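Colleague: Let me see the structure of the following:
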Amino acid sequence: MAGKMALGPAQVNVPQLVALEALFCGAADFGSQDTNEGCFCGDAGTFVIKKDNVHAALPHCEWFCSSLALASGVPQVPFSIIHHPDGNYWFGSQWMNGKTKDWWNLAVQGSIDFAALAEDLSRIYAFDLFVHNVDRHANNFMVVPEGSGHKVYSFDYSRSWIVNGFPPPDLMTNSSLATVNVKNWLKSQFGNYLNTNAAIEVLERIEAIDTGRVQRIISTHPREWLTHQEEDAIIDWWNNGMASARAAAIKTGLNDGTLL
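Modeller: Below you'll find the predicted structure:
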């Protein structure tokens, strides 16, 4: 579009490799197949822990996607590296107080203003397409009271990024995948709620992220979370313009309606 100012990455800092100390950890039911443990970290709060027991690269995927989400303007649940009592360093996603249970049903009933969530839901959807997050079911949105209404945040990338193989598979359109299914269900309830401009803004921010930024994201998590071969593949993919090409393909699908 003529006269449009180019977007850069959102002005946020990637968290640094300064781990939070877990005072104690224990089993908890988070309704997830990929995690069942929480750690209390004092004033920092409670964190949902993601280890490498499901997939060796799972902590990397959580860190990389969460950091990239921040850099591209996606509302993101706070996260950190947690020094666990087992002696290892794991990924932790902060448990936000007031998570609204069954928020989608409350929105259908009119108790939650869905329109106020739609713009950020659109940002999260575009980002999920980029990192190939196949598991964004309705309970994988953190909807919490904020001000006089509610705010939605993104979290949980356990079924994203290199967990699905690398380079990322073709763009998701199969309604058997949770991410596509929940998008279609929300459309059936609220109409064409996706805000194309908000979604495309996320993708343009991703396109503006250079290889150096990607390297910095990787360098701020523990070395053992990613093999050298995996790191080289990610850097080469980004450096060769494939990340920009993927973002551009998603933009095309949003504009022509095939991904809406």
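
Colleague: Quick check: chain neighbours aside, which residue is closest to W95?
Modeller: Nearest residue to W95, sequence neighbours excluded (CB to CB, 6 or more residues apart in numbering): T46, at 4.6 Å. From N, CA and C alone the C-beta is placed, and that goes for glycine too.

Colleague: G212 in helix, strand or coil?
Modeller: helix (DSSP: H, G, I helix; E, B strand; the rest coil).

Colleague: Just list the residues touching it, thanks.
Modeller: Contacts for G212 (CB atoms under 8 Å, 6 or more residues apart in numbering) come out as none.

Colleague: what's the answer for N97, then?
Modeller: Contacts of N97 by CB under 8 Å, 6+ apart are V144.

Colleague: Going forward, count from 29.
Modeller: With the count now opening at 29, the last piece we talked about shows up as N125.

Colleague: pLDDT at the residue nearest to W123, what is it?
Modeller: With respect to pLDDT, T74 has a value of 94.

Colleague: excluding its backbone neighbours, what's nearest I152?
Modeller: Nearest to I152 is S182, by CB to CB, 6+ apart, at 4.7 Å.

Colleague: got it, and P173?
Modeller: That would be G126: by CB to CB, 6+ apart, it lies 5.2 Å from P173.

Colleague: pLDDT score assigned to that neighbour?
Modeller: So G126 comes in at 87 (pLDDT).

Colleague: any weak-confidence spans in the stretch 179-288 of the chain?
Modeller: Residue ranges of the stretch 179-288 of the chain with pLDDT under 70: none are present.

Colleague: Domain map for this protein?
Modeller: 48-122, 131-284 (automatic domain parsing).

Colleague: what about the residue lying closest to F194 once chain neighbours are set aside, how many neighbours?
Modeller: Distances taken as CB to CB, 6+ apart put A261 closest to F194, at 5.6 Å, once the chain neighbours are dropped. Neighbours of A261 under the rule other CB atoms under 10 Å: 15.

Colleague: what's the spacing between A261 and G193?
Modeller: 11 Å (CB to CB, to the nearest Å).

Colleague: Doesn't V162 lie inside a strand?
Modeller: No - V162 is assigned coil when assessed by three-state DSSP, not a strand.

Colleague: Would you confirm that it contacts N192?
Modeller: Yes - contact status for V162 versus N192: in contact at 6.7 Å, counting by CB atoms under 8 Å.

Colleague: so how far is the host helix or strand of Q257 from its chain's centroid?
Modeller: In the assignment (DSSP states H and E), Q257 maps to helix 256-267. Relative to the centre of its chain, helix 256-267 is centred 20 Å away, using CA atoms, centre = their mean, to the nearest Å.

Colleague: Contacts for it, please.
Modeller: A85, H88, I190, F194, P195, T239, V242, Q243, I246, A271.

Colleague: and the helix or strand just after it with helix 256-267, angle?
Modeller: Per DSSP H and E, the first helix or strand lying C-terminal to helix 256-267 is helix 270-284. Going by axes from the mean of the first three to the mean of the last three CA atoms, to 10 degrees, helix 270-284 is angled at 50 degrees with respect to helix 256-267.

Colleague: quick one: the residue nearest to I152 from F218, how far?
Modeller: 19 Å.

Colleague: So those two - more neighbours on which side?
Modeller: S182 (25 against 17).

Colleague: wouldn't that one be in contact with L98 here?
Modeller: No - if you go by CB under 8 Å, S182 and L98 don't touch, sitting 9.7 Å apart.
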